[in-house]
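Chemist: Fold the following, please.
(2 chains)
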There are 2 protein chains.
Amino acid sequence: MAAHPSNNSQPPPAGKSTPRFELITLGDELLLGLTANSHLTWIGSQLGRRGVLLERHVTITDEAPAIAAQFAESWARADVVITTGGLGPTCDDRSREVVADILGQELVFDAGIMRAIEERFAKFNRPCTPNNRKQAFRFSRGEVLPNPNGTAPGLWVQQDGKVLVMLPGPPNELQPIFLEQVVPRLAQLGLISEQESYIQIRTAGVGESMLETRFQPIFDRHPGLGIAYCAHQWQVDCRISSANGRYSRAALQQIADECVALLGDDFICFGHDPLAKVASDHLRNHGRTLAVAESCTGGLLANSFTDICGASKFFMGGIVSYSNDAKMLLLDCPECLLSQHGAVSAECAVAMASGVAEQLSADYGLAITGYAGPTGSHEDNPTGTIYIGMHSPLGDWSKKLSYPGQRQTVKLRAVTAAIDWLRREVVREARRAESPMVN
Amino acid sequence: MAAHPSNNSQPPPAGKSTPRFELITLGDELLLGLTANSHLTWIGSQLGRRGVLLERHVTITDEAPAIAAQFAESWARADVVITTGGLGPTCDDRSREVVADILGQELVFDAGIMRAIEERFAKFNRPCTPNNRKQAFRFSRGEVLPNPNGTAPGLWVQQDGKVLVMLPGPPNELQPIFLEQVVPRLAQLGLISEQESYIQIRTAGVGESMLETRFQPIFDRHPGLGIAYCAHQWQVDCRISSANGRYSRAALQQIADECVALLGDDFICFGHDPLAKVASDHLRNHGRTLAVAESCTGGLLANSFTDICGASKFFMGGIVSYSNDAKMLLLDCPECLLSQHGAVSAECAVAMASGVAEQLSADYGLAITGYAGPTGSHEDNPTGTIYIGMHSPLGDWSKKLSYPGQRQTVKLRAVTAAIDWLRREVVREARRAESPMVN
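Modeler: Numbering: from 1, shown residues only, chains lettered A, B, ... in the order given. Predicted coordinates for the structure are as follows:
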């Protein structure tokens, strides 16, 4: 039986004084996979950055007995219980009633909530059907967290030395309520802090086990660290924390800096920025602009950049050239190149990159062509074959990659790799501008 | 206190003979929101379609005591326990060891697994570091579920009349193992079926409470139905099931057909197809092609179509015109139109739609322009103002929408609405082709 590599890599145990947070998300539609459960990711990261590792996240059915059993269990165990969903107007929204029973509270009709609901329906010119009245009930000893983006407000209860937060299910309603109303209340009670509890190193192009092998000699010199690795597509994050506060923030940063010195251009950033944000920041910092051309990734590359606020400062546009005609018409890819080398080729990738950069007067052109599958591939270029094309102030080049997998996975991996190569290229250009004699 | 609208809308209680499934996902990175937890959505939907409503999904930390406590609890309660994650090579991957203790099993080294791991590293020209050896251990009384897409295999145990399935965390590794190896084993044991347990009606453009108000008279005539609603952006799904098998599949379908008859073009489809898939099927069925032009949605519209297998049959391409220059150069938007009406205008949306359809010789041109925020908006057109432009065989038109919210939410809503209007337009064209005198 394989032993754990080293004892000093245990994450810090929760101290006695650490408040225990549990998250309960409600809904058959979550358990049936009809709706993606994004609440854990979002609430978990919001709490994580404020020093709290959520202890447990449970998703249960809409049935009243299941809600009652889970809420009673979590309420007995945790200091803060957050629930999402089950506050809506329809018959499968039962959590308000069930929780009131367990807390021994009454539900009282709140005319202010009802007015806000009616105003919302009036604003959108929709009739306010009677079942909406249900959402206007609040706990007799509790607060209302108004919901500017929907009908059901959030609910806040302090009781038995504990906190209960009930939030509506739709993310665009839940998130503003959490940030603007829940976070300040929790911070005021000293249940969350403002400071991050760990330092995260984001890396690209190194496998998880290889990264651990590289870093372990550094961690061996610093006993009592909490270390955790997390592999994404193409990326591995390493999180360094201090067990029981043995290391100061500055000491952790020094250790993290030692790790980064081993990484070279495989280091993406500290923290949580997505790769596209980091690459975009490099472009902006160096006053460079970008245009993209893509076939098999079909808009996902452009979308990764336009998800970034202020993208119009550096992003000139993109072309999804899903056919040979589109490659010739919109990107000036020569017909003879396409017939000689094919659309999935190094030559086509470079032609797409330089074509889109020229069309949109951009400094950098980034292109992807390949087979995302499951159909359309060839023996020489099976599904998952990807060519990345680069047009940059340093020159034009291409790179062939192979990502066998499902269609959307292939798309995501291709886009991630392309953005990482762009990041490396902009860093390389900037480095060369500073010291023209080195690469 | 608001009562539940009607007793006949309770979901069917789990019968005594229904096997109880629980899902445990492991990882601090999930609880800290560093990685999205897609396993619930995916596994939940796979089980749901095969007649099983997952009873509970729990996410816990990587710490051994937490894993031990949760696994013991779930193993005592459920008939089938599925775990994900915690099988990797690094020090925070502990689940194999902890679970073996609770099951009273030994972990034995499996030379076959080790060989597969070594071959995988050799194939990708990476060194196989010693910590990978840990992944070659399996339960002494259990089966190995080979992993063709990664190093850690899945593990299968039948013990105490129960089933344990342990799966690796990365979705591209987990999903094929689940479909190809776990589903057949579970079906053979009679724990899942092939048939769907409910009929789902997907609708667009109707609110959740309005939909319930429309449908309720039908459901009132059929006591003992299980009804659940699920609201997405722009869409609401209604799921109809039979409590304790009182209604046959055909009877449920008849009730669903009654509901659909009330919906007109607000009916998207039965089942689980995404809106883009439904719109694409309409295009394909009528032999029509599509090109898209987008500014604020920045590639997300094109990406929604290219996520669909075989998109090249109807999708000609897309242009992300993120600047006025791009709109003029790539879409032939007249400069005077842009200066007179602005880029966020009905006129520009229509010019983009007809421009991209012409450039790419497509039957339909679909365009989106607007302000996704948080910057760049104006008093007349605040953040969330969206214009959809349509060029179709029936003519050119535009529609103004307002979706205040966060950038990515605005993008998603705009794209969803645009695809829904495309779906309605193609349906309208097909209807007119069949009966030229009606609209």
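
Chemist: surely residue A:61 meets residue B:48?
Modeler: No. With contact defined as Cβ atoms under 8 Å, residue A:61 does not reach residue B:48; the gap is 11.5 Å. For every residue, glycine as well, the C-beta is placed using N, CA and C.

Chemist: what sits in contact with each of those two?
Modeler: Shared contacts of residue A:61 and residue B:48, defined by Cβ atoms under 8 Å, 6 or more residues apart in numbering or on different chains, comprise residue A:31.

Chemist: And the residue of the stretch 51-200 of chain A closest to chain B?
Modeler: Using Cβ to the nearest Cβ, the closest approach of the stretch 51-200 of chain A to chain B is made by residue A:134 at 3.3 Å.

Chemist: Check whether that residue sits in a helix, strand or coil.
Modeler: What DSSP: H, G, I helix; E, B strand; the rest coil gives for residue A:134 is helix.

Chemist: give me the element residue A:354 is part of.
Modeler: Residue A:354 belongs to helix A:346-359 when elements are defined using DSSP states H and E.

Chemist: Output the contacting helices and strands for that helix.
Modeler: strand A:290-294, strand A:315-321, helix A:324-331, helix A:335-341, strand A:364-370, strand A:385-392, strand A:395-402 (3 or more Cβ pairs under 8 Å, 6 or more residues apart in numbering or on different chains; DSSP states H and E).

Chemist: ok, longest helix in chain A?
Modeler: As assigned by DSSP state H, the longest helix anywhere in chain A is helix A:407-434.

Chemist: Which neighbouring elements make contact with the helix or strand of chain A with the lowest mean pLDDT?
Modeler: The helix or strand of chain A with the lowest confidence, counting by mean pLDDT, DSSP states H and E, is helix A:28-31 at a mean of 84. Using 3+ Cβ pairs under 8 Å, 6+ apart, the elements in contact with helix A:28-31 are strand A:56-60, helix B:39-49, strand B:56-60, strand B:225-231, strand B:235-242.

Chemist: Do I have it right that residue A:354 meets residue A:390?
Modeler: No. Counting by Cβ under 8 Å, residue A:390 is not a contact partner of residue A:354; they are 9.2 Å apart.

Chemist: Now do the least confident helix or strand of chain A: everything it contacts.
Modeler: With contacts defined as Cβ under 8 Å, 6+ apart, helix A:28-31 is touched by A:35, A:37, A:59-62, A:85, A:92, B:11, B:40-41, B:44, B:48, B:53-57, B:228, B:230, B:237, B:239.

Chemist: Recalculate using a threshold of 6 Å.
Modeler: By Cβ atoms under 6 Å, 6 or more residues apart in numbering or on different chains, the residues outside helix A:28-31 that reach it are A:35, A:37, A:59, A:61-62, B:44, B:54, B:228, B:230.

Chemist: ditto for stretch A:351-360
Modeler: In contact with stretch A:351-360 (Cβ under 6 Å, 6+ apart) are residues A:291, A:293, A:316-317, A:319, A:331-333, A:337, A:365, A:367, A:389-391, A:396, B:326.

Chemist: These, buried ones only, as a PyMOL selection?
Modeler: Buried residues among these (16 or more other Cβ atoms under 10 Å in any protein chain shown), as a PyMOL selection:
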select buried, (chain A and resi 291+293+316+317+319+331+333+337+365+367+389+390+391) or (chain B and resi 326)
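
Chemist: tell me the contacts of residue A:350?
Modeler: By Cβ under 6 Å, 6+ apart, the contact set of residue A:350 is A:389, A:396, A:398.

Chemist: Report pLDDT for the spatially closest residue to it that is not a sequence neighbour.
Modeler: Spatial nearest neighbour of residue A:350, chain neighbours left out: residue A:389 (4.6 Å); criterion: Cβ to Cβ, 6 or more residues apart in numbering or on different chains. Listed pLDDT for residue A:389 reads 98.

Chemist: and what of the one 5 residues further on?
Modeler: Reported pLDDT at residue A:394 in the predicted model: 96.

Chemist: Show the backbone phi and psi for it.
Modeler: phi -90, psi -10 (degrees, to the nearest 10).

Chemist: Against chain B, how distant is it?
Modeler: As for residue A:394, its distance to chain B is 24 Å (criterion: Cβ to the nearest Cβ, to the nearest Å).

Chemist: With residue A:329 instead?
Modeler: Separation of residue A:329 from chain B (Cβ to the nearest Cβ) stands at 7 Å.

Chemist: Please apply the same query to residue A:284.
Modeler: Distance of residue A:284 to chain B, given as Cβ to the nearest Cβ: 14 Å.

Chemist: Kindly state the pLDDT recorded for that residue?
Modeler: Note on residue A:284: pLDDT of 96.

Chemist: Run through the neighbouring helices and strands of the longest helix of chain A.
Modeler: Here helix A:407-434 touches helix A:275-285, helix A:300-306, strand A:364-370, strand A:385-392, going by 3 or more Cβ pairs under 6 Å, 6 or more residues apart in numbering or on different chains; DSSP states H and E.

Chemist: do you know which of the ones you listed lies nearest residue B:75?
Modeler: Residue B:75 lies closest, by Cβ to Cβ, to one member of these: helix A:275-285, at 39.2 Å.

Chemist: Residues contacting the closest one, please?
Modeler: Outside helix A:275-285, the residues within contact range by Cβ under 6 Å, 6+ apart are A:268-269, A:290, A:304-305, A:308, A:314, A:419, A:422-423, A:426.

Chemist: would you turn those into a markdown table with distance to residue B:119, neighbour count and pLDDT?
Modeler: Compiled in a markdown table, those are given as follows (distance: Cβ to Cβ, whole Å; neighbours: other Cβ atoms under 10 Å in any protein chain shown; pLDDT from 0 to 100):
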| residue | distance to residue B:119 | neighbour count | pLDDT |
| --- | --- | --- | --- |
| A:268 | 30 | 25 | 97 |
| A:269 | 34 | 18 | 97 |
| A:290 | 39 | 27 | 98 |
| A:304 | 33 | 26 | 97 |
| A:305 | 38 | 28 | 97 |
| A:308 | 40 | 21 | 94 |
| A:314 | 43 | 24 | 96 |
| A:419 | 30 | 25 | 98 |
| A:422 | 33 | 26 | 98 |
| A:423 | 32 | 22 | 98 |
| A:426 | 37 | 26 | 97 |
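
Chemist: which one of these sits closest to residue B:102?
Modeler: residue A:268 (38.6 Å).

Chemist: got the phi/psi numbers for that closest one?
Modeler: Dihedral pair for residue A:268: phi -90, psi -60, per degrees, to the nearest 10.

Chemist: Distance-wise, check it relative to residue A:236.
Modeler: 10 Å (Cβ to Cβ, to the nearest Å).

Chemist: what's the neighbour count on the closest residue to residue A:103 other than its chain neighbours?
Modeler: Nearest residue to residue A:103 in three dimensions, chain neighbours excluded: residue A:159, at 6.1 Å (Cβ to Cβ, 6+ apart). Neighbourhood size, residue A:159 [other Cβ atoms under 10 Å in any protein chain shown]: 14.

Chemist: still on that earlier bit, now the helices and strands packed on helix A:407-434 as CSV including distance to residue B:197?
Modeler: Shown next, in CSV, are these (distance: least, Cβ to Cβ, whole Å):
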stretch, distance to residue B:197
helix A:275-285, 40
helix A:300-306, 34
strand A:364-370, 39
strand A:385-392, 39
